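[1] no sequence on this one, just coordinates:
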Ligand SMILES: O=P(O)(O)OC[C@H]1O[C@](O)(COP(=O)(O)O)[C@@H](O)[C@@H]1O
Ligand SMILES: [Mg+2]
Ligand SMILES: [Mg+2]
């Protein structure tokens, strides 16, 4: 076998379908189409400046963010790969204000596809890993154009979730609700090969990831958690912690799936109009499903993330995920914060990270 005895994505999907005799094969076909879009994006990313894909597209998305050339191209690749197969009824993307309506001549399928076509796009021009994230829901009205409301399902309803990471190697990480599995793209065969079956996030960790430049906007529970990690061995945790921040959700997730850790982009007070930085439907929900299926925890900081009922397509949310014990600890600190209040020594009025001027 040219894949060294390992399953390909196609073989893996056929095995999955065997467990569901009633399955029509639409979900497998949809995943194959998504994986094709990811291969096409991986190629563009790999050619970088030679393909003229770096820099800004000189436009803004619905969230007012600067769109990169690759954001726009990746969005188009996802749409083109998935609009004709008859497996999706409609799509929602970070880069489009409203759901995408399939061209009139294409059949409408029974799934909804939600995606962030290029995640971590601030990293493109500095040649650091980026990715694509996707989530699959059942269409409440198969065969018809979906309404906005049809997409507003909680993460617990997801049928499938995954991401592709365009790093030193290109990988596809996938769950269909029976574990989280990673495939590495064999660049010669153009084939996804199952390289990491049944990923598990270790329950314990001494590594955390957070954008510390937001520390003055954090809630007390988050300040307390980070404070205790920074205090290291002599502090209340009795251990030295390591910190990472890549500014690419896909890359942070991948590290946590491979070696554990906890990620926080919590609700903060930076912009009272926003509940957090990351988008619920096509960032936090799919990552939560992947992490939970790998034995980790995924939370708003207060409750299970996948139980949140979405209100709008591009809704943002506070997001904490990773090693289960740490996620539970952060949830507990939020509860204690409400019950007792907490003044973090390092972040208090005279603390090291105080925002108060002398
Ligand atoms: O710039 P910050 O505040 O560090 O934010 C980084 C976060 O923003 C994101 O890049 C948002 O994703 P997009 O690139 O798809 O907008 C996440 O991947 C990442 O966790
Ligand atoms: Mg993103
Ligand atoms: Mg994006």
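    Noted; the coordinates are in hand. Here the structure is a predicted model, which means the values were calculated and not measured. Ligands and ions are numbered 1, 2, ... in the order given.

[2] which residues of the stretch 51-200 of the chain lie near ligand 1?
    Contact residues, the stretch 51-200 of the chain versus ligand 1 (Cβ under 6 Å from any ligand atom): 94, 116, 119, 120, 121, 122. Using the backbone N, CA and C atoms, a C-beta is placed for each residue, glycine as well.

[3] quick check: the last one vs residue 248, distance?
    Residue 122 sits 8 Å away from residue 248, taking Cβ to Cβ, to the nearest Å as the criterion.

[4] those two: which is more packed in?
    Neighbour totals were compared for residue 122 and residue 248, and residue 248 leads with 23 against 13 (other Cβ atoms under 10 Å).

[5] isn't that one right next to residue 124, touching?
    No: between residue 248 and residue 124 there is no contact under Cβ atoms under 8 Å: 9.8 Å.

[6] okay, and the common contacts of those two?
    Common contacts of residue 248 and residue 124 (Cβ atoms under 8 Å, 6 or more residues apart in numbering): residue 130.

[7] what residues does stretch 327-339 touch?
    So stretch 327-339 is contacted by 219-222, 224-225, 262, 264, 296-299, 301-303, 320-321, 342 (Cβ under 8 Å, 6+ apart).

[8] now restrict these to buried residues only.
    Buried members of those, counted by 16 or more other Cβ atoms under 10 Å: 219-222, 224-225, 262, 264, 296-299, 301-302, 320-321, 342.

[9] in helices, which of those residues appear?
    Taking DSSP state H, the ones among these that sit in helices are 220, 221, 222, 224, 225.

[10] could the residues you listed be laid out in CSV, adding pLDDT and distance to ligand 3?
    Below are these laid out as CSV (pLDDT from 0 to 100; distance: Cβ to the ion, whole Å):
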residue, pLDDT, distance to ligand 3
220, 95, 31
221, 97, 28
222, 97, 24
224, 97, 31
225, 97, 27
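
[11] ok, so of those, who is nearest residue 75?
    Relative to residue 75, the closest of these is residue 222; by Cβ to Cβ it sits at 32.4 Å.

[12] skip the chain neighbours and tell me the closest residue to that closest one.
    Among residues not flanking residue 222 along the chain, residue 266 sits closest, at 4.8 Å (Cβ to Cβ, 6 or more residues apart in numbering).

[13] do residue 48 as well
    In space, and not counting its chain neighbours, residue 48 is closest to residue 54: 6.3 Å by Cβ to Cβ, 6+ apart.

[14] residue contacts, the one you found?
    Applying Cβ under 8 Å, 6+ apart, we find residue 54 in contact with 48, 68, 69, 70, 124, 125.

[15] tell me the spacing between it and residue 242.
    According to Cβ to Cβ, residue 54 and residue 242 sit 31 Å apart.

[16] the helix or strand bottoming out on mean pLDDT in the chain packs against which elements?
    The weakest-scoring helix or strand in the chain, judged by mean pLDDT, DSSP states H and E, is strand 56-60 (a mean of 76). Applying 3 or more Cβ pairs under 8 Å, 6 or more residues apart in numbering; DSSP states H and E, we find strand 56-60 packed against strand 66-68, helix 69-82.

[17] and the ones you listed, which one's lowest on average pLDDT?
    Of all the helices and strands packed on strand 56-60, mean pLDDT reaches its minimum on strand 66-68 (a mean of 79).

[18] sorry, back to before: indicate which one of the helices and strands packed on strand 56-60 is closest to ligand 3.
    Of all those, helix 69-82 sits nearest to ligand 3, with 5.8 Å by Cβ to the ion.

[19] so which bits of the stretch 201-350 of the chain are right by ligand 1?
    Within the stretch 201-350 of the chain, the positions adjacent to ligand 1 are 211, 247, 248, 249, 265, 277 by Cβ under 6 Å from any ligand atom.

[20] contacts only, for the last one.
    Read that as residue 277. Residue 277 neighbours (Cβ under 8 Å, 6+ apart): 265, 316, 319.

[21] now swap in the second one and tell me
    With contact set as Cβ under 8 Å, 6+ apart, residue 247 has these partners: 120, 122, 123, 211.

[22] out of these, grab the one that's most surrounded.
    residue 120 leads the contacts of residue 247 on contacts (other Cβ under 10 Å) with 22 neighbours.

[23] measure that one to ligand 2 for me?
    Counting by Cβ to the ion, to the nearest Å, the separation of residue 120 from ligand 2 is 6 Å.

[24] so who does the closest residue to that residue other than its chain neighbours touch?
    For residue 120, ignoring the flanking residues on the chain, the nearest one in space by Cβ to Cβ, 6+ apart is residue 248 at 2.6 Å. Contacts for residue 248 (Cβ under 8 Å, 6+ apart) come out as 119, 120, 123, 128, 129, 130, 131.

[25] identify the farthest-apart pair in these.
    Pairwise distances across the contacts of residue 248 peak at 11.9 Å for 119 and 128 (criterion: Cβ to Cβ).

[26] give me the more crowded residue out of these two.
    Taking other Cβ under 10 Å, residue 119 and residue 128 do not tie; residue 119 has more neighbours (29 against 14).

[27] the residue in the stretch 251-358 of the chain positioned nearest to ligand 3: neighbour count?
    Taking Cβ to the ion, ligand 3 has its nearest neighbour within the stretch 251-358 of the chain at residue 283, 8.1 Å off. Using other Cβ under 10 Å, residue 283 has 27 neighbouring residues.

[28] all set now, cheers.
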